[in-house]
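Novice: Requesting a structural model of the entry that follows:
(2 chains)
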Amino acid sequence: MNVENNQSTKTADPFEAFRNMRDSYLEAMSKTMIDAVNSEEYAQATGTLLTNYLTVTAPFREALDKTMVMALEQLSLPSRQQVTSLAERFANVEMRLDDMEAKLDRIVESSLTARLDDMDAKLARIVELSSATRLDEMEAKLDRILDLSAATRLRVPPVAPLPKQLPKNDTKSVHQASGKK
Amino acid sequence: MTQASGVSNELLALSEKLKTFNRLMTTKASIAQTPKEVVWTLNKAKLYRYIPVVPAAERHPIPLLLVFALMNRPTILDLRPGHSFVEFMVERGYDVYLLDWGIPGPEDKDLKFDDYTLDYMPRAIRKMKAISGAKEFSLLGWCIGAILTTIYASLRPDDGIRNLLLLTAPLDFSKKASLTFAKWTDEKYFDVDKVLATFGNMPGEMIDYGAKALKPVENYVGNYCKLWDSLDDPNVVEAWHSMNTWVTDIFPMAGGAYRQLIVDLYRNNRLIEGQLKIRGELVDLKRLRANLLNVIAEGDHITPPCQSEAILPKVGSTDQEIYRVRGGHIGIMAGSGAHKHTWPHIDSWLAARSH
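Specialist: Have a look, this model is predicted:
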């Protein structure tokens, strides 16, 4: 039932039969033509056709080229050959420029590397010197501290013994003893 | 009456579809919107640094450099907000850099893999290291970017490369029967010197044609039919718009590098055979010792899996892993399933190796 419905709702394509016929024809033609172009005969025919075309048209092209060169010369304009030659020279110049760019890049790179190496070496030296100097300074300072410390110890007077503790009621005698009269 | 209104509705829907289709074909989507700054330039090349969103203390200390192919914009790595690999990685705490090769002009027709790997990449990496302050880095290469990163990692293994991630890397060209490009560019049929003598650089239109002609029906017809069928779905429409904006932004590939791709790799398979010389220096894959994650797209028709598989036994890396993903050359990183499979796997692999 569903199939019947689908069939009835499907729009009839008046060209479908034509398309099928066309496709079948093209398929058959395609195989025939592929075989044809793949044959020695086709290669020979096209080769002969091309060679003949080039041979027949050669005098006309030559005459046209000569006329064109003369006309351009009369008009003080460069010929195709001259423009071509100029373009070749441009290409060569461009290639040499590219080579120069490559060389410059190498120089810059090696220069940068050399400078970096140089800077690296300098930094290492600075660090080395700085460390050595600081160590020397520290050592000198330590020596100085030790010297000062020794001198200070020499200058310090011997510590006096503390007075004996007196009885609490004997203040007078203490005053007397200290010279207060 | 009902029939009339039905037809009217159909016409209205058709009109809306046409408007949307017209907009997609004639306008460019806003892609590559993750905030970034240019930190280095050389000729047309630019090195971008994506502005980190994770505090420095919580970020991975090893920066990640993304290197894309030479013939398409790297914006595919940052397609649109919510569907951007770059945005995903930045949010997961990576310091992400992107090397954009730029559009080669006529003066760059002689640029070769030698110049890209020994002049441009070391300089960009030097700058990245200087900015990030890291001595090591991770390198991600996609498509031809994977060829360049493999060559670089083999030539300069002591430059600080810790992790190498290769996505759909065309490194082995030995199985020519599986490589349509190898047939087209065979020296019997394709005169690469004549093409480059005529154009200088390999025209973007020819490269684009080559990529699309591998699957002509899909790329020139099927792609648009699929879009037409899905024009009612805003998600599909916006995804298609941004992808189309990227796909149609085509530009030439430097002539010297294109010649090397065809002669040294497609025809002579010199990289995997250990015979490729870059500025006279032999590219010895055994010298590649970085941790290696090799992401392979099983449905890749531009770089079939057989082209990427052969690298592992050839390199000197002891930590190596193959990660196979269902999808095509671009789809594994920019398709609708990329944020569920490929990106989280890359993140987990890299996070474990970025400390």
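Novice: Quick check: mean pLDDT of stretch B:83-98?
Specialist: Stretch B:83-98 shows a mean pLDDT of 97.
Novice: again with stretch B:318-335
Specialist: Stretch B:318-335 shows a mean pLDDT of 94 in the predicted model.
Novice: ditto for stretch B:306-314
Specialist: 94.
Novice: Just give the number of residues close to the residue in chain B positioned nearest to chain A.
Specialist: Closest residue of chain B to chain A, C-beta to the nearest C-beta: B:Tyr189 (2.9 Å). Any C-beta I mention is one placed from the backbone N, CA and C, and that applies to glycine too. Residues lying near B:Tyr189 (other C-beta atoms under 10 Å in any protein chain shown) number 19.
Novice: hey, where'd the strands end up in chain B?
Specialist: Along chain B, the stretches classed as strands by DSSP state E are B:36-42, B:45-50, B:64-67, B:96-100, B:137-142, B:161-167, B:277-278, B:281-282, B:291-297, B:320-325.
Novice: Pull out the buried residues from the last one.
Specialist: Spelled out, it's strand B:320-325. For strand B:320-325, a neighbour-count test (16 or more other C-beta atoms under 10 Å in any protein chain shown) marks B:320, B:323, B:325 as buried.
Novice: what does the first one give?
Specialist: Of the residues in strand B:36-42, B:36, B:40, B:42 count as buried by neighbour count, 16+ other C-beta under 10 Å.
Novice: Now tabulate the residues you listed in CSV and tack on distance to A:Met95.
Specialist: Output for the buried residues of strand B:36-42, formatted as CSV (distance: C-beta to C-beta, whole Å):
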residue, distance to A:Met95
B:Lys36, 24
B:Trp40, 12
B:Leu42, 6
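Novice: residues in chain A within reach of chain B, list them.
Specialist: Counting by C-beta under 8 Å from any C-beta of the partner chain, chain A comes close to chain B at A:14, A:19, A:22-23, A:26, A:29-30, A:33-34, A:37-40, A:42-44, A:46-48, A:50-51, A:54, A:58, A:61, A:80, A:84-85, A:87-88, A:91, A:94-95, A:98, A:102, A:105.
Novice: Any chance of a ChimeraX selection covering the buried ones in those?
Specialist: The buried subset of the residues of chain A next to chain B, as determined by 16+ other C-beta under 10 Å, is captured in ChimeraX by this line:
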select /A:26,30,33,34,37,38,42,43,44,46,47,50,54,84,87,88,91,95,98
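Novice: that older thread, now do the contacts for the residue of chain B closest to chain A.
Specialist: Counting by C-beta atoms under 8 Å, 6 or more residues apart in numbering or on different chains, B:Tyr189 touches A:43-44, A:46-48, B:183.
Novice: Roughly how far does A:Arg144 sit from A:Thr133?
Specialist: 16 Å (C-beta to C-beta, to the nearest Å).
Novice: picking that back up, how about the strands of chain B in JSON lines, adding distance to B:Val90?
Specialist: Compiled in JSON lines, the strands of chain B are given as follows (distance: least, C-beta to C-beta, whole Å):
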{"stretch": "strand B:36-42", "distance to B:Val90": "9"}
{"stretch": "strand B:45-50", "distance to B:Val90": "5"}
{"stretch": "strand B:64-67", "distance to B:Val90": "10"}
{"stretch": "strand B:96-100", "distance to B:Val90": "5"}
{"stretch": "strand B:137-142", "distance to B:Val90": "14"}
{"stretch": "strand B:161-167", "distance to B:Val90": "16"}
{"stretch": "strand B:277-278", "distance to B:Val90": "32"}
{"stretch": "strand B:281-282", "distance to B:Val90": "35"}
{"stretch": "strand B:291-297", "distance to B:Val90": "19"}
{"stretch": "strand B:320-325", "distance to B:Val90": "21"}
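Novice: which SS class is the residue of chain A found nearest chain B?
Specialist: Relative to chain B, the nearest point of chain A is A:Gly47 (2.9 Å; C-beta to the nearest C-beta). Recorded secondary structure, A:Gly47: helix (DSSP: H, G, I helix; E, B strand; the rest coil).
Novice: Was I right to think it contacts B:Lys194?
Specialist: No: A:Gly47 is not in contact with B:Lys194 according to C-beta atoms under 8 Å; the separation is 10.6 Å.
Novice: for B:Arg123, what are its contacts?
Specialist: Counting by C-beta under 8 Å, 6+ apart, B:Arg123 has contacts A:98, A:102, B:40, B:42.
Novice: Which one of these is nearest to B:Arg92?
Specialist: B:Trp40 (24.0 Å; C-beta to C-beta).
Novice: Tell me the pLDDT of the closest one.
Specialist: 96.
Novice: what do you get for the one 5 residues further on?
Specialist: B:Ala45 is assigned a pLDDT of 96 by the prediction.
Novice: For it, give me its contacts.
Specialist: B:Ala45 sits next to B:99-102, B:120, B:124 when contact means C-beta under 8 Å, 6+ apart.
Novice: try B:Ser84
Specialist: Counting by C-beta under 8 Å, 6+ apart, B:Ser84 makes contact with B:33-34, B:77-78.
Novice: ok so, going back, the residue of chain B closest to chain A - nearest residue in space that isn't next to it in sequence?
Specialist: Counting by C-beta to C-beta, 6 or more residues apart in numbering or on different chains, B:Tyr189 lies nearest to A:Gly47, which is 2.9 Å off, once chain neighbours are set aside.
Novice: do B:Ala338 as well
Specialist: B:Ile332 (6.3 Å).
Novice: ok, how many other residues are close to the one you found?
Specialist: Using other C-beta under 10 Å, B:Ile332 has 26 other residues around it.
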